[in-house]
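S.K.: with the input below, show me the fold.
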Amino acid sequence: MIKKLGILLVFLIVFLFLFNSVIMPLYVKHADLVKVPNVVGMNLIDAKKIIEDSGLEVKQGDIRYDEQKPVNQVLEQNPVEGETVKKGRRVYLTICGGEQLMEVPKLSGRSLRDAKFSLEQRNLQVGEIVKKFSNEFPEDVVISQIIQPGSKVKKSTKIDLIISNGPQIGDILIPDVIGKKLTDAKKIIEEKKLKVGKVTYQFSDKPQGIILDQYPKKDKSAKENTSVDLFVSKKRVEIDKTYDENFELDGQNNVSKESNNKNKAIEPEKVKEASKEKGDNKNKEKPVDKNKDKDETNKKRENTEKNNQHK
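M.R.: Alright, predicted model coming up:
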């Protein structure tokens, strides 16, 4: 039994040696081998025909987007050109998809702000906006879109939207008066059978009396005699900052106060100097008249001599 097992083991070893060293090389040597042709730069249809005519099989691989090259152009191949492979081997091709297309998202029911953000994420843009009165959709919410969701479009394509303008209140549309002079705006509002509401003045770099904003906004529906509040430009006042760097709008009053304070501070100094000068003059000695003293001395002498003669 052991002898038979030993003979069987030797036979298997010899068979494996012959299979690897003789049989397999002969099989590979006589198998049909082909060289992979170069199809990079060709159209997919032409590349497929050439590869299949060589006895190989075509398998489409990745799609790479490149707007500078034609759609379906072969960008890469694997195995590469010139490699020797067995007949029937698969050759994988990377195809150009041209300019990348973006899928349009669903925007209805979203706020205008959310719609803009969603489009920008996909390299798309908001196109023309048409406002329509709606009792179903709140103000500034997308009612519908011109290009339907799921459509494939190029980058930077503009998507036109229909936006809710809120419910219709009346038959009058609020006019647009922004940028107009106050007098002209009042005239336009009154012609629409509306009235001017609260007028608020705001500092602005624009000329005096120009409408900066309004409420309600333009194109809103309104009834007759509805008030339209206006925000009007007010010219900035240029104030001299020489005396006070922290001046306010009433800077002229501040300057006057500061000037008075300076005068008050100067007056005591003047009084002090005047008093000092007066005291100095008072303390000065009077000048001595020498001629007067001499005359008095001579007069005394003469009186003395007269008295002596009488004696």
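
S.K.: contacts, neighbours, all on C-alpha from now
M.R.: Fine.

S.K.: list the buried ones in stretch 155-170?
M.R.: Applying a neighbour-count criterion of 16 or more other C-alpha atoms under 10 Å, one finds 157-168 buried in stretch 155-170.

S.K.: okay, that stretch in CSV with CA atoms only?
M.R.: What follows is stretch 155-170 as a C-alpha-only set of coordinates in CSV (Å, rounded to 0.1, in the frame of the first residue of the first chain):
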residue,chain,number,x,y,z
LYS,A,155,-22.6,75.5,-16.7
SER,A,156,-23.7,79.1,-16.0
THR,A,157,-27.1,78.5,-17.6
LYS,A,158,-29.7,81.0,-16.4
ILE,A,159,-32.9,79.5,-15.0
ASP,A,160,-36.0,81.9,-15.3
LEU,A,161,-38.3,81.8,-12.3
ILE,A,162,-41.9,82.8,-11.5
ILE,A,163,-42.0,84.3,-8.0
SER,A,164,-45.0,84.9,-5.8
ASN,A,165,-45.8,88.5,-5.2
GLY,A,166,-48.2,87.7,-2.4
PRO,A,167,-52.0,87.9,-2.5
GLN,A,168,-53.7,90.5,-4.6
ILE,A,169,-55.2,93.2,-2.3
GLY,A,170,-56.5,95.7,-4.8
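
S.K.: just how off-centre is that stretch within its chain?
M.R.: Its chain's average C-alpha position is 23 Å from that of stretch 155-170, according to C-alpha atoms, centre = their mean, to the nearest Å.

S.K.: how is this structure carved up into domains?
M.R.: 25-96, 101-164, 172-235 (automatic domain parsing).

S.K.: how about low-confidence regions in the protein?
M.R.: 1, 19-31, 237-311 (pLDDT under 70).

S.K.: would you map the helices across it?
M.R.: With helices called from DSSP state H, the chain shows them at 2-18, 24-30, 44-53, 112-121, 182-191, 251-283, 290-310.

S.K.: mind putting the domains of the chain into JSON lines with distance to Leu5?
M.R.: Formatted as JSON lines, the domains of the chain follow (distance: least, C-alpha to C-alpha, whole Å):
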{"stretch": "domain 25-96", "distance to Leu5": "30"}
{"stretch": "domain 101-164", "distance to Leu5": "70"}
{"stretch": "domain 172-235", "distance to Leu5": "102"}
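
S.K.: how about these, which one is nearest Val14?
M.R.: domain 25-96 (16.2 Å; C-alpha to C-alpha).

S.K.: number of residues surrounding Glu83?
M.R.: Look at Glu83: counted by other C-alpha atoms under 10 Å, it has 12 neighbours.

S.K.: same question but for Ser144, I mixed them up
M.R.: That count, for Ser144 with other C-alpha under 10 Å as the rule, works out to 17.

S.K.: residues contacting the closest residue to Gln100 other than its chain neighbours?
M.R.: Spatial nearest neighbour of Gln100, excluding adjacent residues (C-alpha to C-alpha, 6 or more residues apart in numbering): Tyr65 at 5.5 Å. Listed by C-alpha atoms under 8 Å, 6 or more residues apart in numbering, the contact set of Tyr65 reads 96-100.

S.K.: if we go to 10 Å?
M.R.: 71, 95-101 (C-alpha atoms under 10 Å, 6 or more residues apart in numbering).

S.K.: how near is it to Asn43?
M.R.: 15 Å (C-alpha to C-alpha, to the nearest Å).

S.K.: do Ile162 as well
M.R.: Distance, Ile162 to Asn43, by C-alpha to C-alpha: 42 Å.

S.K.: what of Gly109?
M.R.: 44 Å.

S.K.: same question for Gln145.
M.R.: For Gln145, the distance to Asn43 equals 37 Å [C-alpha to C-alpha].

S.K.: that concludes my questions; thank you for your assistance.
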